[in-house]
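K.L.:
All I have is the shape, not the residue letters:
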């Protein structure tokens, strides 16, 4: 849908309204918050219990990392919280066999980061 839709909005000048062949996002935020959402993973690990079940994603421009909780029965976002920020462009996410989520940035020089315990 890129170049047709930006978030839940028509992308100008040649965009489109909602269409049956496109899947609308469940969340978006204003450009004052960030400018480029990079999709991540649902957290199923044990190292950071407060993130259990959250969809972890980042913003390429701000370098902020977010956790979003979604209620599938009610079809609505129940919470969205900034959990970390490193100011570096987030480019990709990965997950290990234990469900721990990792991410890397454009400027990390090959470093892979993991989410820290939010109580630390």
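P.N.:
Yep, that arrived. Bear in mind that the values here come from a model prediction, so they are computed numbers and not experimental data.
K.L.:
so which strand or helix has the spatially most central residue of the chain?
P.N.:
Centre of the chain computed as the mean C-alpha position; nearest residue by Cα atoms, centre = their mean is residue 57, 2.0 Å away. Following DSSP states H and E, one finds residue 57 within strand 55-59.
K.L.:
which SSE is the closest residue to the residue nearest to the centre of the chain other than its chain neighbours in?
P.N.:
Taking Cβ to Cβ, 6 or more residues apart in numbering as the measure, residue 57 lies nearest to residue 40, with 4.1 Å between them; neighbours along the chain are not counted. C-beta: built from backbone N, CA, C; applies to glycine. Assessed by DSSP H and E, residue 40 sits inside strand 37-42.
K.L.:
buried set for that strand?
P.N.:
37-38, 40-42 (16 or more other Cβ atoms under 10 Å).
K.L.:
where does the protein have low pLDDT?
P.N.:
Along the chain, segments meeting pLDDT under 70 span 1-2, 108, 117-120.
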